[in-house]
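Q: Next comes the sequence, and after it the predicted model I'd like to discuss.
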Amino acid sequence: MNKWMFSIVVLTLAACSSQPTNVNYYLLHQPASATMRESMDISALPAIYLRSLSTPDYLKQRNLSLQTSASELHFAPQHVWAEDFSNAFVMALRDTLANAHKIRLYSQSQWSNSNPKEYFLDIQLDDFIPTYDNNVVLTGTYRLEMSHLPPQIVQFSFKLPLDQDGFASSVAQMRELIDLLAHDVVSRVESTK
């Protein structure tokens, strides 16, 4: 009888521990927002070559993170980026520049047209995270350079309030912060014309 009871308890515990964990995947860029065209020659658009993007270590892993106090971060094991964060950031920035500002962003040097009006961009992200005080922040520095002008080195700090709880809302606000960064870069590009 004890063997049967022991077997039932072991099977019950095994059944409880073998339930699948729900994992939520998040995209930083919005594939559905891209304007659907059969094809379009974008070679005539003004171009920005993204030479480098550096990110803090907490953005180099898959789990989404949030700041829980002035000095602590929480990594959410059931909420993960659907793709590499750096690639997702570049895609979101590229989409905003193309759709809202008609500027082509590329990160592969073989796509260059050797255009004298080409800009070079280096971005260092310091923070890109939902905070414990119900904001989402994007801070860092970028360097914008054009061949005939001295480079502009710009420190940026953008913050938006979180309207709702949850990672889906945080990611939506992160997209808005990328839009603000893109607008800032474009305003400096336009000032050099």
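A: Done, it's in.

Q: which element is residue 52 on?
A: Residue 52 belongs to strand 47-54 when assigned by DSSP states H and E.

Q: strands paired with that strand, and their directions?
A: Here strand 47-54 has these sheet partners by DSSP bridges: strand 104-106 (parallel), strand 119-130 (parallel).

Q: Please save the CA atoms from it in PDB.
A: Taking Å, rounded to 0.1, in the frame of the first residue of the first chain, the C-alpha atoms of strand 47-54 are listed here in PDB:
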ATOM      1  CA  ALA A  47      21.300  58.000 -46.300                       C
ATOM      2  CA  ILE A  48      22.600  57.400 -42.800                       C
ATOM      3  CA  TYR A  49      25.100  54.700 -42.200                       C
ATOM      4  CA  LEU A  50      24.900  53.200 -38.700                       C
ATOM      5  CA  ARG A  51      28.500  52.300 -38.000                       C
ATOM      6  CA  SER A  52      28.000  51.100 -34.500                       C
ATOM      7  CA  LEU A  53      25.400  50.500 -31.800                       C
ATOM      8  CA  SER A  54      26.500  49.700 -28.300                       C
END
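
Q: could you point out which element follows it?
A: Downstream of strand 47-54 (by DSSP H and E), the next one is strand 63-67.

Q: what's the angle from the following helix or strand past that following strand to strand 119-130?
A: Sequence order places strand 73-81 as the next helix or strand after strand 63-67, per DSSP H and E. Calculated by axes from the mean of the first three to the mean of the last three C-alpha atoms, to 10 degrees, strand 73-81 forms an angle of 110 degrees with strand 119-130.

Q: what packs against strand 73-81?
A: Packed against strand 73-81, as judged by 3 or more C-beta pairs under 8 Å, 6 or more residues apart in numbering; DSSP states H and E, are the following elements: strand 24-26, strand 63-67. For glycine as for every other residue, the C-beta is placed from the backbone atoms N, C-alpha and C.

Q: Let's see that with 10 Å instead.
A: strand 24-26, strand 63-67, helix 167-191 (3 or more C-beta pairs under 10 Å, 6 or more residues apart in numbering; DSSP states H and E).

Q: Residue 161 is nearest to which of those?
A: Between residue 161 and the helices and strands packed on strand 73-81, the shortest gap by C-beta to C-beta is with helix 167-191, which sits at 8.0 Å.

Q: In this protein, what helix or strand scores lowest on average pLDDT?
A: helix 2-17 (a mean of 55; mean pLDDT, DSSP states H and E).

Q: any low-confidence regions in the chain?
A: Flagging of the chain using pLDDT under 70 yields the residue ranges 1-20, 32-40, 109-117.

Q: Centre-most residue in it?
A: The chain has residue 89 as the residue nearest its centroid, 3.4 Å off, counting by C-alpha atoms, centre = their mean.

Q: In contact with residue 140, which residues?
A: Counting by C-beta atoms under 10 Å, 6 or more residues apart in numbering, residue 140 touches 53-56, 123-128, 154-158, 181.
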